[in-house]
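# here is my input, please return the structure:
(one chain, ligands or ions: 2)
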Amino acid sequence: MPFVVAFPIPMMANLGSPDVMELHLLDAWSHLREMRFLILLAVVAACSLQVSHAFKIAAFNIERFDAHKVDDPVVLNLLIRILRRYELIAVQEVMNANDTAIKRLVEELNVATGLPYNLLISDHLGRGSYREKYVYIFREDILKPTEWYHYDDGCENCGSDSFLREPFVVRFSSLTTGLKDFVLATIHTSPDYAVLEVNALYDVWEDAKQRLHTENIMILGDFNADCSYVTARHWPMIRLRQDERLQWFIEDGGDTTVSTNNNCAYDRFVVSGAEFLNALIPETAKPINLQKEYGLTYAEAKAVSDHYPIEIELRKDELYNGQLFGVDSSFGISGGLSLNGVCDCAGVDFASCDGRCGAYSRTFPCSCNASCTSYSDCCTNYLAFCKP
Ligand SMILES: *[C@@H]1O[C@H](CO)[C@@H](O)[C@H](O)[C@H]1NC(C)=O
Ligand SMILES: *[C@@H]1O[C@H](CO)[C@@H](O)[C@H](O)[C@H]1NC(C)=O
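Ligands and ions are numbered 1, 2, ... in the order given. Below you'll find the model as predicted:
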């Protein structure tokens, strides 16, 4: 930003002992300095709209996010410091059916940054009464969501759906990056079925390529893809990991959890498409250790989340001309309803867990959910299909 404001600041020592005249002079000078400061502020604000800084995407599981986090001023302040690092954030584990808490967070983010962030919110997803939403928080002046849907993962009523919380897929148009159009699919897998769900993300990827006619796709979020949930012996059976057209960022040895007792790389970015891969700066992919980055104690970091955000940087458009999107769309965009329940159970074998892991209903003859072993009501092939 080649802009220098060079008003001289008077040396107080040179003014000598002030008489009345000089007091007026001092007054005038301090007024001028205030003005200069205000002008500088205005210039900085104007420049920051024109000259984009690094463009970063994040995924962040804000553990059980609801009103109690925005009501806590310390946690709220930390969340804002974290979110403002990014142009685009895929958030997991937003709890409330009404979107009051997450909207308040983004409103506070806008006040703190002076930038227009908006949010795109998924359906309230889950198989039972415990549900979560996915939320994309994005700079509305430079990013525009153009298409979105919930992945249709099968029939919840029959227990034959593949995800506890089906991925929420969004296409973005981007002004300040070299890559102008890309697709994100965010996921929070069930820890009990992480191997199966990470494997099934391959189908989400294939489906998105066909529906959206692009290869430039990033799958991001909390995969639970490490430690006890996904182990070294599982990787060979996970298509998302084996296909070389997909690149994984955040290494297996990385740590995306606040806990000091383990190193688990639960959160990941998985990317395809030559243009998307060229647009990324691979060495910028990392978890942000909240304790180190913000000088927090374990307890302070844990109050924010049990996960660290993960981030990655995209190359800027060197020819960006300063164009901005309008910001007049509604605040808090609904992603609509997932297709849950719009299905029939023709041909489904309710006595089998094949393709039905997580299935539970009082009307089913046996269960395929993780607690069936303790209830002793698992279908006979539960272990074979659900615990690979
Ligand atoms: C939103 O839901 C929460 C509980 O999840 C409740 O406490 C709050 O009053 C609700 N707000 C509105 C505006 O409905
Ligand atoms: C899992 O199945 C048991 C019975 O086996 C049931 O009591 C429990 O509510 C189920 N849990 C979920 C989350 O569906």
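# is it true that residue 338 touches residue 126?
No: with contacts counted by Cβ atoms under 8 Å, residue 338 stays clear of residue 126, the gap being 10.4 Å. Backbone N, C-alpha and C define where each C-beta goes, glycine included.
# more neighbours: which of the two?
residue 338 (23 against 15; other Cβ atoms under 10 Å).
# do you know how far the more buried one is from residue 213?
22 Å (Cβ to Cβ, to the nearest Å).
# check contacts around the residue of the stretch 101-250 of the chain found nearest ligand 1.
Nearest residue of the stretch 101-250 of the chain to ligand 1: residue 101, at 7.5 Å (Cβ to the nearest ligand atom). Taking Cβ atoms under 8 Å, 6 or more residues apart in numbering, we find residue 101 in contact with 65, 66, 67, 69, 70, 94, 95.
# so it belongs to a strand, correct?
No: read with DSSP: H, G, I helix; E, B strand; the rest coil, residue 101 is helix and lies in no strand.
# pLDDT score assigned to the residue lying closest to it once chain neighbours are set aside?
Counting by Cβ to Cβ, 6 or more residues apart in numbering, residue 101 lies nearest to residue 67, which is 4.4 Å off, once chain neighbours are set aside. Predicted confidence (pLDDT) for residue 67: 98.
# verify the stated contact: residue 67 with residue 94.
No: if you go by Cβ under 8 Å, residue 67 and residue 94 don't touch, sitting 11.3 Å apart.
# counting contacts, what elements does the longest strand seen in the chain pack onto?
Looking across the chain with DSSP state E, the single longest strand is strand 55-65. Here strand 55-65 touches helix 73-83, strand 88-94, helix 100-113, strand 181-188, strand 217-222, strand 267-272, strand 310-314, going by 3 or more Cβ pairs under 8 Å, 6 or more residues apart in numbering; DSSP states H and E.
# contacting residues around residue 96?
Neighbours of residue 96 in contact, by Cβ under 8 Å, 6+ apart: 66, 67, 102, 133.
# residue 132 versus that one, what's the distance?
Using Cβ to Cβ, residue 96 is found at 10 Å from residue 132.
# for residue 126, same thing?
On the measure of Cβ to Cβ, residue 126 and residue 132 end up 6 Å apart.
# find residues that contact each of those two.
Common neighbours of residue 126 and residue 132 (Cβ under 8 Å, 6+ apart) are residue 165.
# neighbours of residue 139, how many?
A count of nearby residues for residue 139, using other Cβ under 10 Å, gives 24.
# hmm, back to that, sheet partners, orientation included, of the longest strand of the chain?
strand 88-94 (parallel), strand 310-314 (antiparallel) (DSSP bridges).
# would TSV of the helices and strands packed on strand 55-65 with mean pLDDT and distance to residue 376 be doable?
Putting the helices and strands packed on strand 55-65 into TSV (pLDDT from 0 to 100; distance: least, Cβ to Cβ, whole Å) gives the following:
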stretch	mean pLDDT	distance to residue 376
helix 73-83	98	42
strand 88-94	98	31
helix 100-113	98	39
strand 181-188	98	29
strand 217-222	98	31
strand 267-272	98	35
strand 310-314	98	39
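# any chance of TSV for those, columns distance to ligand 2?
Conversion of these to TSV gives the following (distance: least, Cβ to the nearest ligand atom, whole Å):
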stretch	distance to ligand 2
helix 73-83	28
strand 88-94	16
helix 100-113	24
strand 181-188	15
strand 217-222	18
strand 267-272	23
strand 310-314	28
